[in-house]
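**Student:** sequence unavailable; structure follows:
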């Protein structure tokens, strides 16, 4: 019972520790003080101090009473509790794909990386409608690149050779 | 009468084929930018700016203004249908709009945003035309203490909605405020919490946090459940459902209050549509007739932020035309477009180039009208996107989030940060910490800090000025009310939890 | 179409490989520039640096025959944009607007880049700075302002862009040399800075007259002191700082820079193109409208020395000498 209360208070203890570490870091900012004016450390320390105080009160309260709050403002991600079991495998697949995209987009270039991501992410979502997946991914990646490189300009990664050649070739078509 | 005549003349200018097509393109682009998570309105207007070089002034400004108006509306679609805010202004729409959609009424929810955006926009445009000069003075009344008070009020009133989980909401808010301080501060130029990484010198853009925590976080959370259960039921039969006159009349005070609030916040140079949207939702939670049900999917929660957001457009135009001071980020770009043409908005332009100004005024009216018509017909096909396999739609959503990260400052680091905040959003959701205060803290934190620091520097560290100046004093009093009331309730809940045993809280109601 | 996912993936891979191979020889080294050159503006849209970039981009595109997309990378008085430039390859396809305020960071502690990391293509515009007051300000002249500041040291408020900026150095100089001690109120956003004096929240504003031209033309603001040794056209009765014995003159210059290890041929191409831009009548009108020095422009070879001299002056002013 008591250990359960402790584990409920654990997130608050961790947040308290993080806030305290940052509070200490805020004291190490390098700046030239100007008279009596408050420095650039004041505002972050105000927020961090408040955060530490709340974590402390909340943690102690949980340990003493064991009562958790009911959620207030929720955005409804979890609104379908019990609707379907969570699958750590799916989550891991999604996270891995996203991280891989971040790592490879500068190498492969936006066009190839995006196309590959869209295809794989759709397969990861247990969809097996091959035609839909390949077609929508190819069209999607192509149209997005045209839109953001030719119509309005956003600087998207071209990739490194030889992949950048494909990007240049593709854009050369338009 | 003279004004109406000039407005009529302006309307004729707008109806010239080229100007009309610019207006249409502007609306389409504005809605597109609003829909795409990651491409913010201001960024969209910047991207289109180069195209106005070759046009005459009127056409260029009409294009940008139409984008601005429509951009405050387009994001409602993604927020309500997918739970992903296309713009920061759409975050409050998640609390009631998305809930209403998930309860099987996506078309009704979109109908309410249409009415709110159209009505709020038109009324604020009327105010803009009729009262430009007297209202411009409002912009000059605001200085640092007042900016701070407005922003604090916005923060407090939204956080106060969390009620019994106030502690978690406040922790989330503080975390947001701290994230916003990462990087080089604007006043001293000091590096804060950068850990010696050059990457972090640039700071963490709010867009990265917002799109990451909501967009990526939501997609991951749904993927984890294998996209089980369509997010919205019965889309195939969904039709556009505009509220009936009686339904609308029931919440007319919400509408009027939010529109006026949005208009005034638009005028203030330090605050734009985002602050308007949050503050309006917060005010609804304080004084609305059905404030207890706010956050469960009621129309008031859709109308309050949406009408304030669109109404802020008319407000932001007022100081731009009357004194040459832009009232928001997007109007700052519009000011830039004027200046590139060698025109500097201000009193003389209002006097001597009346034709141009009234053409722009007229384009706002016409733009809102066309936007509503487009919106009406767009609801049905857009709702049907939900019929596509969610795996495909989600992959598109993810890619648009990625583009948003690139569009900030063309850096892959922003992509990494966005992915990181996607994981944070997911964890917050699992641990039942609200995400909204975090995002709100990141968006409003820098504004709050700078105005606080400026006040302290300007008034010799005398914090009482916040309470002794009339405008900021009033706002501070309201802030205290907004925070103290739920705090007292929460305190009672903490100290005497048994009082509440017999009245079970409804799940998910704020 | 594809019965098995594996076939589908194999097909996709084969297509990609084929396309990559086909593309490789097609992109041989063309004449520079063979693709768009990104022009980084280290500030938000609508400001002086942004306007300069967009005008320059528009005028330089026909000269070099390639697009010049402008990218806003705001943050940290331009340091964020500079980090972006320095991180990009030194191939002449990335350039940045580089202004006096950003240059001033090099005079402060811990600068994040060295003056040697950058090579200027050209100095595009130089504008003198000024102390301005609102139309109905009780300070009719600089003498009024100076007297009030000396009678109430540390009471008058002057709105500036931030601590450690050129504005800061100049005010420091006034304090050390002339005993004019004021409170500096930093506003990083221009619109809030202008409202501060228009609404009577601050007593004076440090700004380039060109950036507030609309308020000068309408009479809402008026200059009371111009920094430098020349009086300003149109405001001939307003004293220049050199006449009053203040030697500080840190004009707001805006230049265009690339990484210093960019090939010399590329630098010459771009600098020559910018020289043509400077001769364009539209550009000359822009200088005039901005109350800028009509002889602002300097090509690449002169710009480097100018930047070095400015840095020395800034360092001197920062210490108050």
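**Tutor:** In hand now; what should we look at? The shown structure was predicted, so the numbers you read here are calculated from the model rather than taken from an experiment.
**Student:** where does the prediction get shaky in chain C?
**Tutor:** For chain C, the stretches flagged by pLDDT under 70 are C:1-30, C:45-46, C:75-76, C:320-321.
**Student:** so what strands line up beside the top strand by length along it?
**Tutor:** Criterion DSSP state E: the longest strand present in chain C is strand C:118-127. In the sheet, strand C:118-127 lines up against strand C:252-259 (antiparallel), strand C:298-299 (antiparallel) (DSSP bridges).
**Student:** show the subsequent helix or strand relative to it.
**Tutor:** strand C:130-134 (DSSP states H and E).
**Student:** so how far is that next one from its chain's centroid?
**Tutor:** Its chain's average C-alpha position is 20 Å from that of strand C:130-134, according to Cα atoms, centre = their mean, to the nearest Å.
**Student:** so what secondary structure elements neighbour the helix or strand that it is followed by?
**Tutor:** The C-terminal neighbour of strand C:130-134 among helices and strands, as given by DSSP H and E, is helix C:142-151. Here helix C:142-151 touches strand C:130-134, strand C:221-226, going by 3 or more Cβ pairs under 8 Å, 6 or more residues apart in numbering or on different chains; DSSP states H and E. Every C-beta, even on glycine, is put in place using the N, C-alpha and C of the backbone.
**Student:** quick one: average pLDDT of the one helix or strand residue A:134 maps to?
**Tutor:** Residue A:134 belongs to helix A:130-146 when elements are defined using DSSP H and E. On average, the pLDDT along helix A:130-146 is 89.
**Student:** buried residues of that helix, list them for me.
**Tutor:** By 16 or more other Cβ atoms under 10 Å in any protein chain shown, the buried positions in helix A:130-146 come out as A:130, A:133, A:134, A:136, A:137, A:140, A:141, A:142, A:144, A:145.
**Student:** does chain C sit close to it?
**Tutor:** Yes - Helix A:130-146 comes into contact with chain C (Cβ under 8 Å from any Cβ of the partner chain), by way of A:130, A:131, A:134.
**Student:** surely residue A:12 is within a helix?
**Tutor:** Yes - counting by DSSP: H, G, I helix; E, B strand; the rest coil, residue A:12 is found in a helix.
**Student:** right, and it touches residue A:52 too?
**Tutor:** No - with contact defined as Cβ atoms under 8 Å, residue A:12 does not reach residue A:52; the gap is 10.1 Å.
**Student:** so after the least confident helix or strand in chain B by mean pLDDT, what's the next helix or strand?
**Tutor:** Here the helix or strand of chain B ranked lowest by mean pLDDT, DSSP states H and E is helix B:347-352, holding a mean of 67. Moving toward the C-terminus from helix B:347-352, the next helix or strand (DSSP H and E) is helix B:354-384.
**Student:** list the buried residues for that next one?
**Tutor:** Using 16+ other Cβ under 10 Å as the test for burial, helix B:354-384 gives B:354, B:356-368, B:370-372, B:374-375, B:378-379, B:382-383.
**Student:** the closest residue to chain A within the stretch 101-250 of chain C: what secondary structure?
**Tutor:** Here the stretch 101-250 of chain C gets closest to chain A at one residue, residue C:163, 6.5 Å apart by Cβ to the nearest Cβ. Using three-state DSSP, the structure places residue C:163 in coil.
**Student:** count of neighbours near it?
**Tutor:** By other Cβ atoms under 10 Å in any protein chain shown, 22 other residues sit near residue C:163.
**Student:** just the helices in the chain please.
**Tutor:** Picked chain A for this. Counting by DSSP state H, chain A has helices at residues A:2-26, A:42-65, A:88-108, A:110-124, A:130-146, A:163-172.
**Student:** looking at chain C here, not the other one
**Tutor:** With helices called from DSSP H, chain C shows them at C:5-26, C:48-64, C:79-87, C:100-104, C:142-151, C:166-178, C:190-198, C:213-218, C:264-279, C:281-289, C:300-318.
**Student:** same for the fourth one, what does it pack against?
**Tutor:** Right, helix C:100-104. Under the contact definition 3+ Cβ pairs under 8 Å, 6+ apart, helix C:100-104 sits against helix C:79-87, helix C:166-178, strand C:252-259, helix C:300-318.
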